[in-house]
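Trainee: below: sequence and its predicted model.
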Amino acid sequence: MGEHARKIDISGVKVAFVRNFPSHPLSKILLSEPDSVTGEELLAKAQTWLAFFHGEKENE
């Protein structure tokens, strides 16, 4: 898709996660992400975020 790839707004997801999990380390990571990403970026990031989220829950 190149530089003209359609962007997806993830700001609502970021706000909702931080509201529900304010002290989770992933909140800080999500807040550092841009508010819009391409679909390809979202898929790559979501896999990492989920692994981090589930890994953190296993350690609690």
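Mentor: Received the coordinates, thanks. Everything quoted here is computed from the prediction, not taken from an experiment.

Trainee: packing partners for the longest helix along the chain?
Mentor: Criterion DSSP state H: the longest helix present in the chain is helix 39-58. Counting contacts by 3 or more Cβ pairs under 8 Å, 6 or more residues apart in numbering; DSSP states H and E, helix 39-58 is packed against helix 25-32. (Each C-beta comes from the backbone N, C-alpha and C, glycine too.)

Trainee: what mean pLDDT does the helix it packs on get?
Mentor: If you average the pLDDT over helix 25-32, you get 94.

Trainee: quick check: angle from that helix to helix 39-58?
Mentor: On the basis of axes from the mean of the first three to the mean of the last three Cα atoms, to 10 degrees, helix 25-32 is oriented at 160 degrees to helix 39-58.

Trainee: which outside residues touch helix 25-32?
Mentor: For helix 25-32, the surrounding residues in contact (Cβ atoms under 8 Å, 6 or more residues apart in numbering) are 13-14, 17-18, 21, 49, 52-53, 56.

Trainee: which one among those residues gets closest to H4?
Mentor: Within the contacts of helix 25-32, the smallest distance to H4 is 23.3 Å, found for V13 (Cβ to Cβ).

Trainee: which residues touch that closest one?
Mentor: V13 makes contact with L30 under the criterion Cβ under 8 Å, 6+ apart.

Trainee: if we use 10 Å, what do you get?
Mentor: V13 makes contact with 30, 33, 35, 42, 46, 49, according to Cβ atoms under 10 Å, 6 or more residues apart in numbering.
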